[in-house]
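Asker: Need the 3D shape of this:
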Amino acid sequence: MNEFSRLYRLDTLSAEPKPVSIEADAAEREALAKRFALEAIERLAAEASLARSDAGAVARGRLQAEVVQSCIATGEPVPAILDEPFTVEFRPEPGGAKDEMELSEAELDVIFYADGSIDLGEAAAQTLALSLDPFPRSPAAEQALREAGVKSEEDVKAASPFAALAGFKDKLGR
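Answerer: Residues are numbered from 1 along each chain as shown. Sure thing, here's the model as predicted:
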């Protein structure tokens with residue numbers, strides 16, 4: 001069972017969108033924070049409309065969350081507010097669990113289901129994970145990185161052989 005499970009049976013859905021609201025409680029947010037290596041999830045909620053489709057079901061909605069990540073350079077807390085629209089297609093699990101399946105880029109927001117139920121909570125959790133900043137930085141991050149010997153993008157560009165060639169080109173007047 002997932003940390004934030006909100007199951008909806010397919011036989012209760014129709015082609016007419018059904019509005020639903022879900023919100024994670026404190027224990028669910030704590031478990032998800034561990035799963036995604038976050039310091040905390042202060043809030044996680046989603047508003048969506050669920051509808052049956054030819055392939056299974058579709059959820060369209062908006063995820064809202066307040067999270068605290070760790071700065072990649074200092075480890076300091078970095079709070080973030082997320083407000084992300086999402087569309088997820090739920091499809092039946094293919095053949096056996098060991099079957100390998102390739103999805104095209106247009107199919108990346110597909111979640112497989114089994115036993116006639118879709119899990120909107122897990123869809124919200126996965127949307128949250130994809131919405132997180134992969135490199136959160138606190139205001140002190142740049143200084144900490146510089147002290148650790150990590151060059152900034154500007155330093156790397158200035159030291160590149162191409163920068164020297166560009167300077168030479170300028171001297172030639174071209």
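Asker: Where does the prediction get shaky in this protein?
Answerer: Scanning the chain for pLDDT under 70 picks out 1, 96-108, 151-170, 173-174.
Asker: same thing but at 80, please
Answerer: Applying pLDDT under 80 to the chain picks out residues 1, 95-108, 143-174.
Asker: biggest strand in it by residues?
Answerer: Taking DSSP state E as the criterion, the chain has its longest strand at strand 77-92.
Asker: which of the residues in that one are buried?
Answerer: 78, 82, 86, 88-91 (16 or more other Cβ atoms under 10 Å). For every residue, glycine as well, the C-beta is placed using N, CA and C.
Asker: Quick one: classify the residue nearest to the spatial centre of the chain as helix, strand or coil.
Answerer: For the chain, L130 is the residue whose C-alpha lies nearest the centre (Cα atoms, centre = their mean; 1.3 Å). Using DSSP: H, G, I helix; E, B strand; the rest coil, the structure places L130 in helix.
Asker: Just list the residues touching D54, thanks.
Answerer: By Cβ atoms under 8 Å, 6 or more residues apart in numbering, the contact set of D54 is empty.
Asker: Kindly spell out which helices and strands sit in contact with the longest strand of the chain.
Answerer: Contacts defined by 3 or more Cβ pairs under 8 Å, 6 or more residues apart in numbering; DSSP states H and E place strand 77-92 against strand 57-70, strand 110-113, helix 120-131.
Asker: List of residues touching that strand?
Answerer: Outside strand 77-92, the residues that reach it (Cβ under 8 Å, 6+ apart) are 39, 46, 48, 53, 55-71, 107, 109-114, 118, 123-124, 126-128, 131-133, 136-138.
Asker: picking that back up, distance to R146 added to the helices and strands packed on strand 77-92, as JSON lines?
Answerer: Below are these laid out as JSON lines (distance: least, Cβ to Cβ, whole Å):
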{"stretch": "strand 57-70", "distance to R146": "19"}
{"stretch": "strand 110-113", "distance to R146": "42"}
{"stretch": "helix 120-131", "distance to R146": "29"}
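Asker: Could you give the bridge partners of P85?
Answerer: Listed beta-bridge partners, P85: R62 (assigned using DSSP bridges).
Asker: correct me, but R29 touches L38?
Answerer: No - using Cβ atoms under 8 Å, R29 is not in contact with L38; the gap is 9.3 Å.
Asker: circling back: do you know which of the helices and strands packed on strand 77-92 lies nearest V150?
Answerer: strand 57-70 (17.0 Å; Cβ to Cβ).
Asker: residues of the closest one that come out buried?
Answerer: 57-59, 61, 63-65, 67, 69.
Asker: roughly how far out does it sit from the chain middle?
Answerer: Mean-position distance between strand 57-70 and its chain equals 8 Å (Cα atoms, centre = their mean, to the nearest Å).
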